[in-house]
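> below is the sequence, then the predicted model.
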Amino acid sequence: MVIASKTPSSSLPCYSDLPDTHVRKRDARFISQSELDAWVRERRVSVEDAVLTIGASGKRYVMRDAVRILGPSGRSNDLFGMTGRVVAIGELIALGASVSSSTMRLGTAEYDLQLGFILVSIESLAQPV
């Protein structure tokens, strides 16, 4: 079970869909790479370029590379309050993090990751602000 930090970082946007994190929510959803692969195999969705289309409804989503931060690796502490967060990979790299397929290192802290995508509805992007 993932337990979110009681002091989440406010320096990163959070796309988390976990219910009890008490952090900002966005009009976005995280889907893991393995979940996406299963949906494509079952022909529930199709992916072309960076757009995911749901077969039954025809809804379309823009996909952005992201990770779900599962928690500190080994005996590390959650120094940055990132456990349970979903963050775009580009934002982590901009902070100086080094990201691999299963871990991220930020300063002296190392975190376990789940690779995936942030999905943002194309309809929500087209609405005026």
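It's in.
> show me where the chain has helices.
Along the chain, counting by DSSP state H, helices occupy 33-41, 89-94, 122-126.
> between those, which gets nearest to V51?
Shortest distance between V51 and the helices of the chain, using C-beta to C-beta, is found for helix 122-126: 7.4 Å. Using the backbone N, CA and C atoms, a C-beta is placed for each residue, glycine as well.
> quick one: list the elements packing against the closest one.
Here helix 122-126 touches strand 60-72, going by 3 or more C-beta pairs under 8 Å, 6 or more residues apart in numbering; DSSP states H and E.
> ok now the strand it packs on, how far from the chain's centre?
Per C-alpha atoms, centre = their mean, to the nearest Å, the displacement of strand 60-72 from the mean C-alpha position of its chain is 2 Å.
> what's the spacing between the closest residue to A88 other than its chain neighbours and S102?
Spatially, and ignoring its direct neighbours in sequence, A88 is nearest to A66 (4.9 Å; C-beta to C-beta, 6 or more residues apart in numbering). Look at A66 and S102: by C-beta to C-beta, to the nearest Å, they are 14 Å apart.
> if anything else comes up later, I'll come back, but that's it for now.
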